[in-house]
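In: Just need the structure, nothing else, for what follows:
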Amino acid sequence: MAERIDIEASKNEDHNKLAVSQLNKRLAQVRLGGGEKRIAKLKADGKMTARERIDALLDKGAPRIEIGALAADGMYKEHGGAPSAGVVVVIGHVSKRQCIVVANDATVKAGAWFPMTGKKNLRAQEIAIENRLPIIYLVDSAGVYLPMQDEIFPDKEHFGRIFRNNAVMSSMGITQIAAVMGSCVAGGAYLPIMSDEALIVEKTGSIFLAGSYLVKAAIGEDIDNETLGGATTHSQISGVTDYQCKDDADCLQKIRAIMDKLGKPKDAGFSREKPAPPKADPAAIYGILPSERAKPYDMRELIARLVDDSDYTEYKEGYGQSILTCYARIDGWAVGIVANQRKVVKSKKGEMQFGGVIYSDSADKATRFIANCNQKNIPLVFLQDVTGFMVGSRSEHGGIIKDGAKLVNAVSNSVVPKFTVIVGNSYGAGNYAMCGKAYDPRLIVGWPSAQVAVMGGDQAAKVLLQIEVAALKGRGEAITKEREEEILGKIRAKYEESMSPYYAAARLWLDAIIDPLETRTWISMGIEAASQTPATREFNMGVLQT
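Out: Sure thing, here's the model as predicted:
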């Protein structure tokens, strides 16, 4: 038996390590931005790349996490692609102060804004607002990508929302610093000026509502871009910028000096003790997580490799066993963990395989636990591997909809910060109940094993097949068994592509796909950010069916 377990663990380990390797290859590719030729041209102009600027700005050796590295992955192929949506977003530390940095990547279409660029910038501002994090913009952008202007310009969550958020953050007292290190044109010119302080780099930085060519066409004036809106003009004549910098390095050093003088943030009062690594080897996660997602495993084994000292206190251990709830610490921070259980267990009613299904008693337990964490001011961590709520007459008669609604209500109204890690499946209403993107987790990430969809691939493909076959028969087409299998294969392939974590990360349904061994860092950085924002309201679940 032990030998069989070892073989299974080895198979799992090979599968999961290969998935992490593939993730790292994709990340290495997107980090090249527009490619080596465009990077070389940027350097020839005396500029650093977006990622070099961030590296020079952030504290050396301090932890950092990147938001949306895979944004727009596989999208905009007809336009040449937009790696990382043409903008790099990182949460890190500048002069020992945690902040979020947003840097345009000028190697990607001169830093132009695609629709996903706007969505990613808005996500960065959302994180800053939720956590009252200082935000630093490193501006180097040609403005809206004109061929797609109708998808980025006029709507509520489009380009203009950025400047609206600038104003709102300023009123909230959230520090905003903008450094103009390249182009900053048209409507984009408002971003640095709506920030608290603005810097501009000599020779490479420029700000204007209209460049020299457009000025010539509009009013007949002959003027070069440097005189029109360069560093000397805006620092010594118009007064638009506050600091004139010799080069990128000088500019970044000035930002560090400004950040060094910020007052201390507020304290949300979350408990933190001295961090301790898990006693159980975290690398064993690769061998625990099944290579075949239908196979059961014990979520407790994963939790033991994520929490300090591998120590946790389980709440209602023997009740509602398809969801695990426990108190623990991650990197010293107190957390309440809500996790789906996939294990086969023996109960008084016989053997049960939970398979990530939520039952009424599990929903009830999780609801109570979330309420307790809100009362105790403990951040929540959701570990998702969920196929949905239990169906059938027994569940319906037992009130599964009512109990599920209570859980969704508790997640929705929680006032402590929430963090979601999609370990495996994230299907249907289970995604909602376990704090999917629609329920405002401060951060949401997936492991390479994650899948996000309304239902599993096989079930969905068979449903879609029935619809397709019925439509073809309705048009008088005869459907053979071979033709049916061909249709099913195409449907399954397309559906499974849309379930991929890369599909989700490209559209920012996930903030990142991460190596499971990075999970503790992401949660710790997230709670550190959230610790600057005390709750502004009491936990209240409103009206419930009892």
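In: Name all residues that make contact with Thr533.
Out: Going by Cβ atoms under 8 Å, 6 or more residues apart in numbering, Thr533 touches 130-132, 266, 268, 417. Any C-beta I mention is one placed from the backbone N, CA and C, and that applies to glycine too.
In: can you redo those residues as JSON lines with pLDDT?
Out: Formatted as JSON lines, the contacts of Thr533 follow (pLDDT from 0 to 100):
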{"residue": "Glu130", "pLDDT": "96"}
{"residue": "Asn131", "pLDDT": "97"}
{"residue": "Arg132", "pLDDT": "96"}
{"residue": "Lys266", "pLDDT": "91"}
{"residue": "Ala268", "pLDDT": "95"}
{"residue": "Pro417", "pLDDT": "98"}
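In: pull the helix or strand with minimum mean pLDDT from the protein.
Out: strand 350-353 (a mean of 57; mean pLDDT, DSSP states H and E).
In: for the stretch 51-200 of the chain, what spans make up the strands?
Out: Along the stretch 51-200 of the chain, the stretches classed as strands by DSSP state E, counting those that start in this stretch are 65-67, 87-94, 97-104, 135-141, 176-185, 197-201.
In: swap in the stretch 401-546 of the chain?
Out: Ranges of strands within the stretch 401-546 of the chain are 418-427, 443-446, 451-453, 512-513, based on DSSP E, counting those that start in this stretch.
In: State the mean pLDDT of the first one.
Out: Pointing back at strand 418-427 there. Taken as a whole, strand 418-427 carries a mean pLDDT of 96.
In: returning to that earlier point: got the strands of the stretch 401-546 of the chain as CSV, with distance to Asn104 and mean neighbour count columns?
Out: As requested, these are exported to CSV (distance: least, Cβ to Cβ, whole Å; neighbours: other Cβ atoms under 10 Å):
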stretch, distance to Asn104, mean neighbour count
strand 418-427, 28, 26
strand 443-446, 23, 25
strand 451-453, 29, 21
strand 512-513, 20, 24
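In: Could you export those as TSV, including distance to Lys60?
Out: Output for the strands of the stretch 401-546 of the chain, formatted as TSV (distance: least, Cβ to Cβ, whole Å):
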stretch	distance to Lys60
strand 418-427	26
strand 443-446	24
strand 451-453	36
strand 512-513	22
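In: Residue ranges in the stretch 201-350 of the chain under the pLDDT threshold?
Out: Residue ranges of the stretch 201-350 of the chain with pLDDT under 70: 345-350.
In: Just the strands from it, written as ranges.
Out: Taking DSSP E, counting those that start in this stretch, the strands of the stretch 201-350 of the chain run over residues 206-208, 243-245, 312-314, 323-330, 333-340, 344-347, 350-353.
In: Next, the angle strand 323-330 makes with the fifth one.
Out: Same thing as strand 333-340. Interaxial angle, strand 333-340 versus strand 323-330 (axes from the mean of the first three to the mean of the last three Cα atoms, to 10 degrees): 160 degrees.
In: how about the CA coordinates for strand 333-340, as CSV?
Out: The C-alpha trace of strand 333-340 is given here as CSV (Å, rounded to 0.1, in the frame of the first residue of the first chain):
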residue,chain,number,x,y,z
TRP,A,333,-0.7,36.8,10.6
ALA,A,334,-3.8,35.2,12.2
VAL,A,335,-6.1,33.9,9.6
GLY,A,336,-9.4,32.0,9.3
ILE,A,337,-9.3,29.4,6.6
VAL,A,338,-12.3,28.1,4.7
ALA,A,339,-11.4,25.2,2.4
ASN,A,340,-13.2,22.6,0.3
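In: Buried residues, that strand. List them.
Out: The neighbour-count check on strand 333-340 (16 or more other Cβ atoms under 10 Å) flags 333-340 as buried.
In: between those residues, which is nearest Cys184?
Out: Nearest to Cys184 among the buried residues of strand 333-340 is Trp333, at 38.4 Å by Cβ to Cβ.
In: right, and that closest one touches Ser271 too?
Out: Yes: using Cβ atoms under 8 Å, Trp333 is in contact with Ser271, at 7.3 Å.
In: Can you tell me the closest non-neighbouring residue to Gly188?
Out: Setting aside the residues directly before and after it, Gly188 is nearest to Gly143 in space (Cβ to Cβ, 6 or more residues apart in numbering), at 4.9 Å.
In: Of the strands of the stretch 51-200 of the chain, which is nearest Thr117?
Out: In terms of Cβ to Cβ, the element of the strands of the stretch 51-200 of the chain nearest to Thr117 is strand 87-94, at 5.4 Å.
In: Now tabulate the strands of the stretch 201-350 of the chain in JSON lines and tack on distance to Gly489.
Out: Shown next, in JSON lines, are these (distance: least, Cβ to Cβ, whole Å):
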{"stretch": "strand 206-208", "distance to Gly489": "54"}
{"stretch": "strand 243-245", "distance to Gly489": "58"}
{"stretch": "strand 312-314", "distance to Gly489": "44"}
{"stretch": "strand 323-330", "distance to Gly489": "35"}
{"stretch": "strand 333-340", "distance to Gly489": "30"}
{"stretch": "strand 344-347", "distance to Gly489": "32"}
{"stretch": "strand 350-353", "distance to Gly489": "28"}
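In: Among these, which comes closest to Ala505?
Out: Of all these, strand 333-340 comes closest under Cβ to Cβ, at 20.9 Å.
In: From the contact counts, what lies against the closest one?
Out: Applying 3 or more Cβ pairs under 8 Å, 6 or more residues apart in numbering; DSSP states H and E, we find strand 333-340 packed against helix 299-303, strand 323-330, helix 360-376, strand 380-386, helix 519-530.
In: right, so of these, which gets closest to Ser449?
Out: Closest approach to Ser449 among these (Cβ to Cβ): strand 380-386, 8.7 Å.
In: average pLDDT for the helix or strand following the closest one?
Out: Note on strand 380-386: by DSSP states H and E, the next helix or strand toward the C-terminus is strand 388-389. For strand 388-389, mean pLDDT rounds to 80.
In: which residues touch strand 388-389?
Out: Here strand 388-389 makes contact (Cβ under 8 Å, 6+ apart) with 357-359, 363, 395, 400, 404, 427-430, 433, 455.
In: switch to 7 Å and redo it
Out: Outside strand 388-389, the residues that touch it by Cβ atoms under 7 Å, 6 or more residues apart in numbering are 357-358, 400, 404, 427-430.
In: Check stretch 283-290 too.
Out: Contact with stretch 283-290 is made by 9-10, 12-13, 16-17, 297, 301-302, 305, 449, 516-517, as judged by Cβ under 7 Å, 6+ apart.
In: Can you report how many residues lie near Ile200?
Out: A count of nearby residues for Ile200, using other Cβ atoms under 10 Å, gives 29.
In: which residues does it bridge with?
Out: Note on Ile200: beta-bridge partners Val180, Gln244, judged by DSSP bridges.
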